[in-house]
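J.: prediction below, plus the sequence it came from.
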Amino acid sequence: MGVSRRQFCQSGVLAACAGLLPALAVPGQTGSARTVPSKIGAVKLSGAATAIEGAAVRELAGALDGPLLLQGDFGYDGARRIWNGMHERFPALIVRAQTTADVARAVDFARQRELLLAVRGGGHSWPGHSVADSALMIDLSLLNGVTVDPAARRAKVGGGARLYDLDYASLRHDLATTAGIVSHTGVGGLTLGGGYGRLGRRFGLTIDSLLAAEIVTADGQVRRLNADEHADLFWAIRGGGGNFGVVTEFEFAMHEVPAMMYGGIIQWPMAAARDVLDYYAGHSAGFSAELFMAPGMITGPDGSAALAMDICHCGNLADAERELAPLRAVARPALDGAGPTPYLTMQTRMDGMASPGIRSYIKSGMVAEFTPALSDSFLRSFEPGQGIVVNSFATGGAIAQVGETATAWPHRNAHSMIAAVSFWSDPGLDDTRIGALRKVWSALEPHTGGYYANIQADDVEVAGNYGPVYDRLVSLKTRYDPLNLFRLNSNIKPHPSG
């Protein structure tokens, strides 16, 4: 079952392999398929146990261009594992889609049987929505192509591509678009949830550069979305998450960027942290659109608390030096690593800390104003040595120039997004790390309203987060996915009556 019957026939090696692979049965002239049980245990959308007939599984495998994997197949474990190592789950079936048609066939198969369906793009879902026990899982990792048209300043990106794929392909032409801060994040999940990144104040959220998309909806239909075709769905996927289907291709507007930007980390000791935060709070509204700043509380190399500022300036290098001079003058940094730096270096800086397989937990929230009270909580809630980082990401700039309801991402007027995150490798630390982070977050949460769904480890209240766009999202969900087939996400439930 590791390859489809179509692929196996085309390979021309059936006869040669027949004696070497006793697990393969040969049903006549049509090809070959791995022997599967007559029934395969699975789970329905309702949560009830069910069984999938083996004959149907073989038929699905034969219709696919990519492989269909069962537990025990070569490649199954690699396909089911996602970035956050806390989620060890075992799907009933994994469709490794090679084409959009594969996705449509898998969606049809799941809908017809009302099977729980998980969709894996980059696999970076903090709560593990990319994979589920006994579900049908669609793995998009083979759909990872990136094609850049430098003359048109456009890029077409497969639904399984990662941010590094996009950045690497586009930066060769001195082009980029807003694309997160960890390079092995999936383009799909980042985009559907809005899309923060170091270029956001200059070019907006990732969704603000999205020109079109190809999506497979719950009815198995392939639709092309843009401002003129299925404009309602195009509005919904720009911030509404994976609620409306599986996006197999994105088309982005790309923007000219310098080959060398100005960025890096500046760090201050705790004694200077309040002065630096006060400067940030008081002046960040006046920063140029080219300047991204992300202040965070970290445990320094000596074990003490420190304030670290992640900086990226995508404009002229001399302008960056001038704009950062007042910040540097607030207090003497303990470490100053900001300077001319390739953008791709900035985009991969956090990859090691957030390496695949790490265990992680995060809480996030939107902040209307960076008040003195928030600064107090930022500093007082943090205890060094607990393996926790508290971050703030400035918004504003081009992000705030889009209307609050122009897309399905409603937090345009927020000053910042704040988050508390922890990474660890020992499963025995799960309760300790999660408990410590929740304690920190309890001090920060009162200053927030709504959250950034892309970096939220728990399933939390959705309606309030979407605020003024929620009713419209529910209406579209009811129209396009009345079964709530796409429910493993920050879920917008359809009206019960359909």
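T.: On my side now, so go ahead.

J.: wait, doesn't Pro127 sit right on Asp458?
T.: Yes - assessed by C-beta atoms under 8 Å, Pro127 is found in contact with Asp458 at 6.4 Å. (Each C-beta comes from the backbone N, C-alpha and C, glycine too.)

J.: looking at those two, which is more packed in?
T.: Counting neighbours by other C-beta atoms under 10 Å for Pro127 and for Asp458 shows that Pro127 has the greater number, 18 against 12.

J.: let me see the contact set for that one.
T.: 87, 456-459 (C-beta atoms under 8 Å, 6 or more residues apart in numbering).

J.: how about Tyr470?
T.: Contacts of Tyr470 by C-beta under 8 Å, 6+ apart are 462-463, 492.

J.: I'd assumed it was in a strand, is it?
T.: No - under DSSP: H, G, I helix; E, B strand; the rest coil, Tyr470 sits outside any strand and is assigned helix.

J.: I'd like to know how far it sits from Ala271.
T.: According to C-beta to C-beta, to the nearest Å, Tyr470 stands 44 Å off from Ala271.

J.: quick one on the thing from earlier: if any of the contacts of Pro127 are buried, give me the PyMOL selection for them.
T.: Those of those that count as buried under 16 or more other C-beta atoms under 10 Å are selected in PyMOL with:
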select buried, resi 87+456+457
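
J.: Serialize the contacts of Pro127 to TSV and add fields for pLDDT.
T.: Formatted as TSV, the contacts of Pro127 follow (pLDDT from 0 to 100):
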residue	pLDDT
His87	96
Gln456	85
Ala457	84
Asp458	81
Asp459	72
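
J.: list just the nearest of the contacts of Pro127 to Leu64.
T.: Leu64 lies nearest to His87 out of the contacts of Pro127, by C-beta to C-beta, at 25.4 Å.

J.: how many residues are close by the nearest residue to the closest one once chain neighbours are set aside?
T.: Sequence neighbours aside, Gly128 is the residue nearest to His87 in space, at 3.2 Å (criterion: C-beta to C-beta, 6 or more residues apart in numbering). Gly128: 19 surrounding residues under other C-beta under 10 Å.

J.: now do the contacts for Gly128.
T.: Counted by C-beta under 8 Å, 6+ apart, Gly128 has contacts 82, 84, 86-87, 89.

J.: those residues in strands, which ones?
T.: In strands, judged by DSSP state E, none of the contacts of Gly128 are found.

J.: would you turn these into JSON lines with distance to Pro342?
T.: Shown next, in JSON lines, are the contacts of Gly128 (distance: C-beta to C-beta, whole Å):
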{"residue": "Ile82", "distance to Pro342": "29"}
{"residue": "Asn84", "distance to Pro342": "28"}
{"residue": "Met86", "distance to Pro342": "33"}
{"residue": "His87", "distance to Pro342": "33"}
{"residue": "Arg89", "distance to Pro342": "37"}
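
J.: of the residues you listed, select the buried ones using a ChimeraX command.
T.: Buried members of these, defined by 16+ other C-beta under 10 Å, are picked up in ChimeraX with:
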select :82,84,86,87,89
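
J.: tell me which of the contacts of Gly128 is nearest to Gly158?
T.: Nearest to Gly158 among those, with distances taken as C-beta to C-beta, is Ile82, at 18.0 Å.

J.: how about the nearest residue to the closest one, chain neighbours excluded?
T.: Gly123 (3.7 Å).

J.: name the element the one you found belongs to?
T.: Using DSSP states H and E, Gly123 falls within no helix or strand.

J.: who are the packing partners of the helix or strand containing Lys439?
T.: In this structure, Lys439 sits in helix 430-444 according to DSSP H and E. Using 3 or more C-beta pairs under 8 Å, 6 or more residues apart in numbering; DSSP states H and E, the elements in contact with helix 430-444 are strand 359-367, helix 372-380, strand 388-394, strand 416-424.

J.: list the contacts for the residue nearest to Ile82?
T.: 81-83, 130-131, 141, 186, 356.

J.: now Pro468
T.: Counting by C-beta under 8 Å, 6+ apart, Pro468 has contacts 404-405, 410.

J.: kindly indicate whether Tyr466 is helix, strand or coil.
T.: helix.

J.: and it, how many neighbours?
T.: Neighbours of Tyr466 (other C-beta under 10 Å): 23.

J.: any idea how far it is from Ala408?
T.: 7 Å.

J.: what residues are shared contacts of the two?
T.: Common neighbours of Tyr466 and Ala408 (C-beta under 8 Å, 6+ apart) are 240, 473.

J.: could you chop this structure up by domain?
T.: Per the record, the chain has its domains at 5-139, 146-256, 260-455, by automatic domain parsing.

J.: hey, which of the ones you listed is tucked in deepest?
T.: Neighbour counts (mean count of other C-beta atoms under 10 Å) averaged over each of the domains of the chain peak at domain 146-256, with a mean of 22.

J.: quick one: end-to-end length of that domain, please.
T.: End-to-end distance for domain 146-256: 17 Å, by C-alpha to C-alpha, to the nearest Å.

J.: what's the average pLDDT for it?
T.: The average pLDDT within domain 146-256 is 97.

J.: for it, the distance to its chain's centre please.
T.: Mean-position distance between domain 146-256 and its chain equals 11 Å (C-alpha atoms, centre = their mean, to the nearest Å).

J.: again with stretch 70-79
T.: Centre to centre, stretch against its chain (C-alpha atoms, centre = their mean), the figure for stretch 70-79 is 23 Å.

J.: export it as CSV, just CAs?
T.: Presented in CSV, the C-alpha positions along stretch 70-79 are these (Å, rounded to 0.1, in the frame of the first residue of the first chain):
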residue,chain,number,x,y,z
LEU,A,70,-1.4,2.0,6.7
GLN,A,71,0.2,1.5,10.0
GLY,A,72,3.2,-0.8,9.5
ASP,A,73,3.9,0.5,6.0
PHE,A,74,7.2,2.1,5.1
GLY,A,75,6.9,5.8,5.5
TYR,A,76,3.9,5.7,7.8
ASP,A,77,5.7,6.8,10.9
GLY,A,78,7.4,9.7,9.1
ALA,A,79,4.2,10.9,7.6
